[in-house]
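Chemist: Everything below, folded, please.
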Amino acid sequence: VALSGTSMAAPFVSGAAALLFSAKPEARVGEIRNAILKSTSPGAFPATTRGQLNIRRALEALTDLN
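Modeler: Predicted structure coming up:
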């Protein structure tokens with residue numbers, strides 16, 4: 001059984017956002033959003049970003065903000 005769509009993406013992105021907030025509690029929502037969106041791994045996915053969530057890159061992007 002293959003699972004896809006926003007119903008599957010939402011819990012992963014929510015978890016990623018929670019992890020990012022735990023790493024940088026003073027971050028603003030916009031910073032978290034940008035870190036997630038700008039750090040996706042490229043791919044031919046039918047999503048807004050056309051990419052796959054890459055939490056390691058999102059953490060790096062967020063911690064690089066000063």
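
Chemist: CA atoms for contacts and neighbours, from now on please.
Modeler: OK.

Chemist: Please name every helix or strand in contact with the helix or strand containing Glu60.
Modeler: Using DSSP states H and E, Glu60 maps to helix 55-63. For helix 55-63, the packing partners by 3 or more C-alpha pairs under 8 Å, 6 or more residues apart in numbering; DSSP states H and E come out as helix 6-23, helix 29-38.

Chemist: How about the last one, which residues are buried there?
Modeler: Taking 16 or more other C-alpha atoms under 10 Å as the basis for neighbour counts, the residues of helix 29-38 that come out buried are 31-32, 35-37.

Chemist: Lowest-confidence one in those?
Modeler: Comparing pLDDT over those, the lowest score belongs to Leu37 (89).

Chemist: one step back: reformat the helices and strands packed on helix 55-63 as TSV; add distance to Gly51.
Modeler: Shown next, in TSV, are those (distance: least, C-alpha to C-alpha, whole Å):
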stretch	distance to Gly51
helix 6-23	12
helix 29-38	9
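
Chemist: Quick one: closest of the ones you listed to Thr63.
Modeler: helix 6-23 (8.1 Å; C-alpha to C-alpha).

Chemist: Let me see the contact set for the nearest residue to Ala61 once chain neighbours are set aside.
Modeler: Nearest residue to Ala61, sequence neighbours excluded (C-alpha to C-alpha, 6 or more residues apart in numbering): Ala35, at 5.5 Å. The contact partners of Ala35, taken as C-alpha atoms under 8 Å, 6 or more residues apart in numbering, are 58-59, 61-62.

Chemist: I'd like the residues you listed written out as JSON lines, with distance to Met8, pLDDT and neighbour count added.
Modeler: JSON lines is the format used below for the contacts of Ala35 (distance: C-alpha to C-alpha, whole Å; pLDDT from 0 to 100; neighbours: other C-alpha atoms under 10 Å):
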{"residue": "Ala58", "distance to Met8": "19", "pLDDT": "95", "neighbour count": "24"}
{"residue": "Leu59", "distance to Met8": "21", "pLDDT": "95", "neighbour count": "21"}
{"residue": "Ala61", "distance to Met8": "24", "pLDDT": "91", "neighbour count": "17"}
{"residue": "Leu62", "distance to Met8": "24", "pLDDT": "91", "neighbour count": "22"}
